[in-house]
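Chemist: need a structure here:
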Amino acid sequence: MPQRISYVPFDSVDTEMQGELERCAAHGTPRPESSAVRAHSERSFWFFANSWQSLFREGVVDHGLKELCRVYISRTVTCEFCGNQRSEKAAEGGLQEMQYDDLLNFETSEVYTDEQKAALRYAQAIAWGPASVDEELMWSQLHHHFTEEQLVELGCCIGLTFGQQSWIRLLGIDHHQYMAGTAASMAPGFEDAAALSRSKADEAYWAS
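Modeler: Numbering: from 1, shown residues only. Reported below is the predicted structural model:
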């Protein structure tokens with residue numbers, strides 16, 4: 001696939017942007033490829049980096065919940081770049097790989113708590129509209145499990161990732177193309193370019 005928007009060369013940006021790109025390569029979510037595209041616009045680069053820090057890594061909502069919603073959005077819009085990443089912070093907090101497997105079937109799955117299902121229902125409604133859920137049930141459960149401050153933070157986080165992932169899907173970028181050589185935040189089976197290629201060729205690949 002031809003590059004739709006190029007990666008900005010690492011040596012062409014200032015030291016502060018280089019530091020953020022190095023953070024992406026070392027810790028991921030996001031990995032450096034998407035940030036290297038955003039680097040064409042310094043305002044866009046820092047808007048996303050700063051917003052993502054405030055909404056996704058920090059805040060009053062449990063990070064693991066936000067990570068599940070992030071990957072639910074990846075799966076529902078089929079953003080392979082984002083869907084093949086995992087948050088290191090969420091893993092350190094106890095989120096397990098098997099908890100990613102049933103995201104598109106979360107309503108009938110037994111691996112999610114009622115609180116997690118409420119958050120995922122919220123993500124579904126943001127992505128696909130209120131008709132995609134039982135609104136009365138959704139709001140009842142959301143207000144049971146979350147404060148209004150948390151609902152605003154979670155909604156903004158989901159909205160940001162939904163917009164960015166829809167755009168990233170359009171770009172067609174992939175991992176191990178920029179500042180390659182680390183497996184930071186990659187899902188199991190996607191640790192390097194060869195492993196990524198094998199996993200994508202597997203008939204059980206989630207985006208097939």
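
Chemist: got the contact list for residue 118?
Modeler: Remark: with contacts taken as C-beta atoms under 8 Å, 6 or more residues apart in numbering, residue 118 is in contact with 138, 141-142, 144-146. (Each C-beta comes from the backbone N, C-alpha and C, glycine too.)

Chemist: Tell me the predicted confidence for the closest residue to it other than its chain neighbours.
Modeler: Among residues not flanking residue 118 along the chain, residue 141 sits closest, at 4.0 Å (C-beta to C-beta, 6 or more residues apart in numbering). On the pLDDT scale, residue 141 is placed at 97.

Chemist: What of the one 5 residues further on?
Modeler: Model confidence at residue 146, given as pLDDT, is 98.

Chemist: With residue 2 instead?
Modeler: Here, the pLDDT recorded for residue 2 equals 56.

Chemist: Let me know the secondary structure of the most centrally placed residue in the chain.
Modeler: Centroid check for the chain by C-alpha atoms, centre = their mean gives residue 70 as the closest residue, at 4.1 Å. At residue 70 the chain is in helix, as set by DSSP: H, G, I helix; E, B strand; the rest coil.

Chemist: what's around the nearest residue to it once chain neighbours are set aside, how many residues?
Modeler: The shortest distance from residue 70 to any non-neighbouring residue, by C-beta to C-beta, 6+ apart, is to residue 161 (5.1 Å). Residue 161 has 28 neighbours, counted by other C-beta atoms under 10 Å.
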